[in-house]
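S.K.: Task: produce atomic coordinates for the following.
(3 chains)
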Amino acid sequence: MNAITAESILEELDHQYPCNQDEMNFLKFRNPFELLIMTILSAQTTDVTINGLRDELFSAYPNPAALARADPLDVERIIHSAGFYHSKAKNIIGTAKMLEENFGGVVPRTIEELTTLPGVGRKTANIVTNHAFHEACGIAVDTHVRRLSKKIGFTQNTDPEKIEKDLMKLFPEKWWSKINYLLIRHGRAVCTAKKPDCMKCIIRHNCQSYINSGEE
DNA sequence: ATCCCGAGGG
DNA sequence: CCCTCTGGAT
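M.R.: Coordinates of the predicted model:
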C-alpha cells in the first residue's frame, strides 16, 4: 500500500472517531508523571474506569517522592477498580522509587529508559513519549493496532516491533501519536476480532482483507 | 460466559 | 510460546 492511500485511511478514521470527553480527560494530564502512572494503570481496562480514580490517587501522591513511600495497601484500595490492582500497585510504587533513585525524580524521555521501569513495556513507553513529550519516538502497538494493521494492509508483519517500524515508514510523524487511538476505536466499534462488520466500515474499499474477500 | 485500550515471567 | 494477574463491559 502506498503512503498516500494509507494516510487517507487515517484521515477518514480521524473524522469518524473524534476524541470523546473521557479520552480528552485522560490525555489532559497535568504532568508527565501523572500520564506515566495513568498509562501503567490503563492496561487491560477502560479510560472511563481509570479516570474515576485519578483525583484521589494524585491528591494522595502528587509526585514520585510521595508515591515512592506509599503503603501498598493504600494504593491498592485507591486503584482497586482498575483491575490487576496487586501488580499495578507494586508497579507504580516501584516506578516511583526508580524515578527517584535512577532518574532524579524526573520521567525519562527515551523508550529505552522508560521500559526499564516496572510495568512499562514498549506500548506504554510509546504512549508516554507521544503524549507527554510530543517527541513521537515511536508508535504504540497494542493488540488492535497489530490486528488491524495487518488486515488493512499497512504491514505484512506480525511482530509488534516490526509493525512499529513499518508504520513509522508509512506515515508522517504527525500521525504517530494518533494511530493507536484511531485503530483501537475502529477495532472496538467496527472491525472486531470476532465479527468484523465490513458493511459499516468506512475504509473497507481500501482494506486489503475486504478487497481480498472478493466482494468488490 | 467471554473478552480485553499489556506486562512480566516460566 | 504459554501462563497469570483483575474488574468491567457486553
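S.K.: Now the element after the helix-or-strand element of chain A with minimal mean pLDDT, going C-ward?
M.R.: Of the helices and strands making up chain A, the lowest-confidence element is helix A:21-27, at a mean of 69, by mean pLDDT, DSSP states H and E. Using DSSP states H and E, the next helix or strand after helix A:21-27 towards the C-terminus is helix A:32-41.
S.K.: send the alpha carbons of that next one over as PDB?
M.R.: The C-alpha coordinates for helix A:32-41 follow below in PDB (Å, rounded to 0.1, in the frame of the first residue of the first chain):
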ATOM      1  CA  PRO A  32       4.400  13.600  32.600                       C
ATOM      2  CA  PHE A  33       4.400  11.800  36.000                       C
ATOM      3  CA  GLU A  34       0.600  11.600  36.000                       C
ATOM      4  CA  LEU A  35       0.500  10.400  32.400                       C
ATOM      5  CA  LEU A  36       3.100   7.700  33.100                       C
ATOM      6  CA  ILE A  37       1.200   6.400  36.100                       C
ATOM      7  CA  MET A  38      -2.200   6.600  34.400                       C
ATOM      8  CA  THR A  39      -0.900   4.800  31.400                       C
ATOM      9  CA  ILE A  40       0.500   1.900  33.500                       C
ATOM     10  CA  LEU A  41      -2.800   1.700  35.300                       C
END
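S.K.: Name the residues that touch that helix?
M.R.: Contact with helix A:32-41 is made by A:26, A:29, A:50, A:53-54, A:57-58, A:63-64, A:67, A:79, A:82, A:88, A:91-92, A:95-96, A:99, A:107, A:114, A:117, A:119-120, A:124, A:127-128, A:131-133, as judged by C-beta atoms under 8 Å, 6 or more residues apart in numbering. Just so you know, the C-beta spots here come from the backbone N, C-alpha and C atoms, and that holds for glycine as well.
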